[in-house]
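Enquirer: Need a 3D model of the sequence below.
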Amino acid sequence: MPPAKVISTGPLEISRSKFRVWECAERKVVEGFTGKDAVAVVAILKSKTNAFPLSTVVIEQYRPPIDKLIIGTSDPEEEAEATALRELEEETGYRATLEDVIECSPTVVCDPGMTTAKMKLVMEYPVPHPDPGEHIVVKVVELAKLKQGFMVDARLSHFATGYDMAERVRNGLFS
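Expert: Reported below is the predicted structural model:
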């Protein structure tokens with residue numbers, strides 16, 4: 001990985017009379033422009049017999065900037081779907097195939113006010129195949145309970161909010 005670099009240290013002119021300091025970070029994981037630096041995976045667990053509600057897989061992983069337990073980086077030549085399948089298995093022990101991919105988003109920016117990082121969201125239906133050597137805590141959480149008692153990535157929180165809103169619309173609460 002190339003070393004981090006300072007792009008600019010000068011003031012940012014907002015208007016002809018206002019200036020401000022703007023801090024940002026440039027993600028240095030992928031060389032050159034590939035359209036994405038990472039993928040976020042939403043693994044949807046669905047019972048064929050309705051034995052349990054729609055759920056997802058979350059992992060606890062330490063993130064130094066927030067000093068908390070809370071995405072996988074892409075190889076430059078790898079498609080987002082392939083990255084998502086590889087990362088899902090590496091991080092959780094769950095496996096899926098390209099046929100299990102429900103959707104792959106267009107490239108989105110993660111935090112355009114702070115970083116140059118870009119990613120794609122891949123949704124898939126996985127099957128558990130735990131790897132006994134992995135040292136990450138894997139949890140299965142009902143989609144409806146994602147926002148209860150977890151420190152989660154903003155994208156997962158927004159997904160949970162969208163799921164909650166869809167349920168409310170479906171139940172006529174926004175009529």
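
Enquirer: residue ranges with poor pLDDT in the chain?
Expert: 1-37, 61-74, 130-136, 150, 175 (pLDDT under 70).

Enquirer: which residues in it form helices?
Expert: For the chain, the helices defined by DSSP state H occupy 80-92, 154-170.

Enquirer: same for the first one, what does it pack against?
Expert: The criterion is 3 or more Cβ pairs under 8 Å, 6 or more residues apart in numbering; DSSP states H and E, and the helices and strands that helix 80-92 contacts are strand 38-45, strand 55-60, strand 72-73, strand 94-95, strand 101-104, strand 118-124. Placement of C-beta: from N, CA and C, glycine included.

Enquirer: Try it again at 10 Å.
Expert: With contacts defined as 3 or more Cβ pairs under 10 Å, 6 or more residues apart in numbering; DSSP states H and E, helix 80-92 has these neighbours: strand 38-45, strand 55-60, strand 72-73, strand 94-95, strand 101-104, strand 118-124, strand 137-142.

Enquirer: Dihedrals phi and psi, Asn50?
Expert: When read as degrees, to the nearest 10, the backbone of Asn50 gives phi 60, psi 30.

Enquirer: Roughly how far does it sit from Leu146?
Expert: 20 Å (Cβ to Cβ, to the nearest Å).

Enquirer: higher neighbour count, those two?
Expert: Taking other Cβ atoms under 10 Å, Asn50 and Leu146 do not tie; Leu146 has more neighbours (20 against 8).

Enquirer: Give the full set of residues in contact with the more buried one.
Expert: Going by Cβ atoms under 10 Å, 6 or more residues apart in numbering, Leu146 touches Ser55, Thr56, Val58, Val152, Leu156, Ser157, Phe159, Ala160, Thr161, Tyr163, Asp164.

Enquirer: ok, 6 Å please
Expert: Ala160 (Cβ atoms under 6 Å, 6 or more residues apart in numbering).

Enquirer: Could you pull up phi and psi at it?
Expert: According to degrees, to the nearest 10, Leu146 has phi -60, psi -30.

Enquirer: what about the residue nearest to Glu89 when sequence neighbours are not counted, how many neighbours?
Expert: Spatial nearest neighbour of Glu89, excluding adjacent residues (Cβ to Cβ, 6 or more residues apart in numbering): Arg95 at 5.1 Å. By the criterion of other Cβ under 10 Å, Arg95 has 14 neighbours.

Enquirer: and Arg95, how far is that from His129?
Expert: Arg95 is 5 Å from His129, by Cβ to Cβ.
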